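Visitor: sequence unavailable; structure follows:
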């Protein structure tokens, strides 16, 4: 399997890349080095010296240039070699590949494909991550499975009551509620309303909602693997579809899966809320609930990975709840095929 | 290499499978889920949901059915799907493969091949494991080598004085004693009498035998990999072959090797004794001696495994003591060839 | 890749092989067993019983013979089997391959190729390791990379100021100093003089040199992978090339890389000094500095190894400082090709 190249991957939270010094992370099989010039602008290099392959992240900064820590080759911010100790002439080939990178709304995005195609407008809108009326705790998990196994999980929320009964889910009603799927150019939109159910446990902890509620979950899951979700709960009978959702408690979820290697994944996530925004205990409580649920997912998905490792010829059996899973896989396959045709 | 399929493998001790809840173990490369219905009868499923491959052992019991812990598919005791949350129609293919299983004399046996061929009468007799006149402590070891390397060890007891001098063995006389080999349809019978030797250390600890003894070791090693042994020691000069073996101390060994994967093995064992059966200290002493000896085997066999890993082209050199090893390998190859012909 | 066979590899320090008992180490993919006969002479066997492949190092000594710890086969000092328990006739093929081995100047050398070609005179001169006017602390490191990645490091000292600034190196002057390369039949000679620089930190600690010095580094790097180095520092202006190097502080470095497997290496080293030879604190200080520097190398080389593992198609870019690297690789390839032609 190969990874989609002409797309924006989330590579880091902004605070992971220090003002001076280096940050190293592998994206889609390629080790990357992130650093900031003196003006604070993010620069991304392939983290491999052109001389003998040593990681440049073991080197040092010299102003707006970096020097390899092994034999001392020095590269400017464009990756061009400007010094080879003991040698006058610097060959044309002495350069490091730079990777288009954009820091926006606290995420650092990278474009692993053809640089001339890197359109900043193609980055999904995650403005909740820096909006003053929303709060969240940024977090990251590392998974030892292919990123699509986690995508499958996020594309089908019918697992909530079975896997997350004590955190996100609730009764089986959630899984049995009708779901609408709408194809998007680069993914799929999933819409689910569940009416007259218990408030989800993680919300009940931090809200005044105690009797029955109506819930909504509307999310786009788009290439390469980003989930943007509008969800929440309101008193039973609220008009969720066209009205103002008065008295509701709303969330904006921003999650990104970035393949590290064929069998490992970076998972960036934030679960923003627009209530009690000045009460850090509420933000922390929501975050801990989300984290607990995500660890429930991780235990299941890694077990599923081990199970499939033992079953080379396993063919999954599609059910109705998988509609978004298959829609997303189809869009991904189409884009991969396109890239294979015009490399 | 492939594993023999149409045969009974020991999968567990009876107490490993709880009255409620699940027990998971991989046999011959296939992950299995064991559970008991409300009547206590053992049921074995392939531990893999037909939907997306999640292990069913991470799900839950619902009466005499089980529900997957990921997306909630429910299966009855025959493995037939009876509920798919959010979906009316249940396709024919929604089912879990069940595995013929029999609980007998404290071992749980499974048949990994064609179910219609699963003949309960083909299970070897291990009634000592539940007989009131015999005592033992049931145990289990996990090995990180192919099961045949352990079978080789058990098929040639000439290693006793060299590897187990302080536990099972004794002097070199044991290795040099004449041995008789008799072919069986599904294995080999090995008979060894050693006369006028020191009592084996592990027996000397718990018996009144102090001067010279005559020892006997008679065992069948049968497919897929089960050792059933009649052994013991008697005062020197006892008629071991046709008489009552008066004044002797006898053992019945029951051991089963079950491949987990190509390079790992489950090892179930019991060393039953018919003397001092009301003295738990004797049972414990015998067990600890056996365990010590088995760890001596494990250290050697795993070292042998590492050695052979570095020597791809190594050809073993057969010696006379290997007669049973080669007989058993031949029977196994014949059965494997038969299965390959009529799948 | 295959290893050079007709050459002497360092397999151990003399003190690693006890007077009685065994020492096991894998060289060039072959597990070896070292032991000493009653006269103290070193014997090397392939550490694998011809019967079923068990490591002989788990057996026992019986005078000047050894007995396998599994089934008791006994071999004399020439590897010839002299006893098979329970069997009269001993087949011709019952023997263990012996490996030509020589203990000289505290190193134990082995010849992994055709025994008749094993010429003791081909062993490099390392007499400083036992000379009364030199001191050092013998040491060993294990690396989880191919031995040639470490050889590359030793063949190009331009990395000193960048990787070892606080230990061996100093300013960039060292890397920028002119270097002479001279081809040798079995390797390469590297000569570097650096004049008017700070004394290297590790020498400053233990010598009276405080102002500027002239440094010399002259070393042969020869097949299979041995570095023999004449180096040191003298007061600025000393005639280093033809004179007596009066007032200088000199070192003789002896280092040997021995492949264990394709991706692991034994590294033997000594950094002999000819001053303050009766002050153990000086010897210890030098050793600790060297050790610190070697761990700096190890961190970089293992990072380089991980980096290259992710970059299957990486092509290094040669620079002038690589001259010795490419010379040595060429000599090695020629010898490997010769061995492939006349096996």
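Guide: That came in fine, so what should we check first? On a predicted model such as this, the values are computed, not experimentally measured, just so you know.

Visitor: let me know the secondary structure of residue A:276.
Guide: Classification of residue A:276 using DSSP: H, G, I helix; E, B strand; the rest coil returns coil.

Visitor: show the backbone phi and psi for the residue lying closest to it once chain neighbours are set aside.
Guide: Distances taken as Cβ to Cβ, 6 or more residues apart in numbering or on different chains place residue A:282 nearest to residue A:276, at 3.9 Å, with adjacent residues excluded. Where you see a C-beta, it was placed from the backbone N, CA and C, and this is true even at glycine. Note on residue A:282: backbone dihedrals following degrees, to the nearest 10 are phi -70, psi -50.

Visitor: would you check that residue A:282 makes contact with residue A:208?
Guide: No: using Cβ atoms under 8 Å, residue A:282 is not in contact with residue A:208; the gap is 11.9 Å.

Visitor: quick one, which of those two is more surrounded?
Guide: Set side by side, residue A:282 and residue A:208 show more neighbours around residue A:282, with 17 against 10, by other Cβ atoms under 10 Å in any protein chain shown.

Visitor: which ones are touching the more buried one?
Guide: By Cβ atoms under 8 Å, 6 or more residues apart in numbering or on different chains, the contact set of residue A:282 is A:135, A:206, A:273, A:275, A:276.

Visitor: mind checking pLDDT for it?
Guide: Listed pLDDT for residue A:282 reads 96.

Visitor: how close does it get to residue A:275?
Guide: Computed as Cβ to Cβ, to the nearest Å, the residue A:282 to residue A:275 distance reads 8 Å.

Visitor: how is chain A partitioned into domains?
Guide: A:8-121, A:125-339 (automatic domain parsing).

Visitor: could you dump those to CSV with distance to residue B:58?
Guide: CSV is the format used below for these (distance: least, Cβ to Cβ, whole Å):
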stretch, distance to residue B:58
domain A:8-121, 29
domain A:125-339, 6
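
Visitor: for residue C:326, which of those is the nearest?
Guide: Minimum separation from residue C:326 across those (Cβ to Cβ) falls at domain A:8-121, 11.8 Å.

Visitor: quick check: bridge partners of residue A:184?
Guide: In this entry, residue A:184 is beta-bridged to residue A:187, by DSSP bridges.

Visitor: what number of residues lie near it?
Guide: Residues within reach of residue A:184, counting by other Cβ under 10 Å, total 14.

Visitor: tell me the contacts of it?
Guide: A:220, A:222, A:331.

Visitor: which ChimeraX command selects the buried ones in the residues you listed?
Guide: Of those, the buried ones can be selected in ChimeraX as follows, counting by 16 or more other Cβ atoms under 10 Å in any protein chain shown:
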select /A:220,222,331
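
Visitor: shouldn't residue A:182 be within a helix?
Guide: No: counting by three-state DSSP, residue A:182 is not found in a helix; it is strand.

Visitor: pLDDT at the residue nearest to residue A:199 when sequence neighbours are not counted, what is it?
Guide: Spatial nearest neighbour of residue A:199, chain neighbours left out: residue A:209 (4.3 Å); criterion: Cβ to Cβ, 6+ apart. With respect to pLDDT, residue A:209 scores 83.

Visitor: quick one: residue A:209 is in a helix?
Guide: No: counting by three-state DSSP, residue A:209 is not part of a helix but coil.

Visitor: how near is it to chain C?
Guide: 49 Å (Cβ to the nearest Cβ, to the nearest Å).

Visitor: cool, and residue A:126?
Guide: In this view, residue A:126 and chain C are 29 Å apart by Cβ to the nearest Cβ.

Visitor: ok, how many other residues are close to that residue?
Guide: Count around residue A:126 with other Cβ under 10 Å applied: 22.

Visitor: what comes into contact with the helix or strand of chain A with the lowest mean pLDDT?
Guide: Least confident helix or strand, chain A: helix A:173-176 with a mean of 80, by mean pLDDT, DSSP states H and E. Applying Cβ under 8 Å, 6+ apart, the contact partners of helix A:173-176 are A:157-162, A:192, A:194, A:197, A:215, A:321, B:71-72, B:85-86.

Visitor: rewinding a little: which one of the contacts of residue A:282 sits closest to chain C?
Guide: residue A:135 (37.8 Å; Cβ to the nearest Cβ).

Visitor: identify the bridge partners of the closest one.
Guide: Beta-bridge pairing for residue A:135 (DSSP bridges): residue A:273.

Visitor: could you do the one 4 residues further on as well?
Guide: On the basis of DSSP bridges, residue A:139 is bridged to residue A:269.

Visitor: correct me if wrong: it contacts residue A:284.
Guide: No: with contacts defined as Cβ under 8 Å, residue A:139 does not count as touching residue A:284, sitting 11.6 Å away.

Visitor: between those two, which one's more packed in?
Guide: Regarding residue A:139 and residue A:284, a neighbour count based on other Cβ under 10 Å identifies residue A:139 as having more, with 15 against 12.

Visitor: narrow the contacts of residue A:184 to those in helices?
Guide: Assigned to helices by DSSP state H, the following of those qualify: residue A:331.

Visitor: what about chain B: which of the contacts of residue A:184 touch it?
Guide: Among the contacts of residue A:184, not one lies near chain B by Cβ under 8 Å from any Cβ of the partner chain.

Visitor: as a markdown table, the contacts of residue A:184 with distance to chain C and pLDDT would be great.
Guide: Shown next, in a markdown table, are those (distance: Cβ to the nearest Cβ, whole Å; pLDDT from 0 to 100):
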| residue | distance to chain C | pLDDT |
| --- | --- | --- |
| A:220 | 32 | 98 |
| A:222 | 27 | 98 |
| A:331 | 28 | 97 |
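
Visitor: list just the nearest of the contacts of residue A:184 to chain B.
Guide: Using Cβ to the nearest Cβ, the contacts of residue A:184 come closest to chain B at residue A:331, 19.2 Å.

Visitor: nearest spatial neighbour of the closest one, chain-adjacent residues omitted?
Guide: Once flanking residues are discounted, residue A:331 sits nearest to residue A:187: 6.0 Å by Cβ to Cβ, 6+ apart.

Visitor: the one you found contacts residue A:329, correct?
Guide: No: with contacts counted by Cβ under 8 Å, residue A:187 stays clear of residue A:329, the gap being 10.8 Å.

Visitor: count the neighbours of the residue nearest to residue A:199 for me.
Guide: Residue A:209 is flanked by 19 other residues according to other Cβ under 10 Å.

Visitor: how about residue A:74?
Guide: Residue A:74: 18 surrounding residues under other Cβ under 10 Å.

Visitor: pretty sure it sits against residue A:61.
Guide: No: assessed by Cβ under 8 Å, residue A:74 is found out of contact with residue A:61, at 10.6 Å.

Visitor: which residues do those two both contact?
Guide: With contacts taken as Cβ under 8 Å, 6+ apart, the residues that reach both residue A:74 and residue A:61 are residue A:67.

Visitor: grab the longest strand from chain A for me.
Guide: If you go by DSSP state E, chain A has its longest strand at strand A:249-261.

Visitor: for chain B, what are the nearby residues on chain A?
Guide: Within reach of chain B by Cβ under 8 Å from any Cβ, chain A has these residues: A:152, A:156, A:158-159, A:161-163, A:172, A:175-179, A:299-300, A:303-304, A:306-308, A:310-311, A:314, A:316-317, A:319-321.
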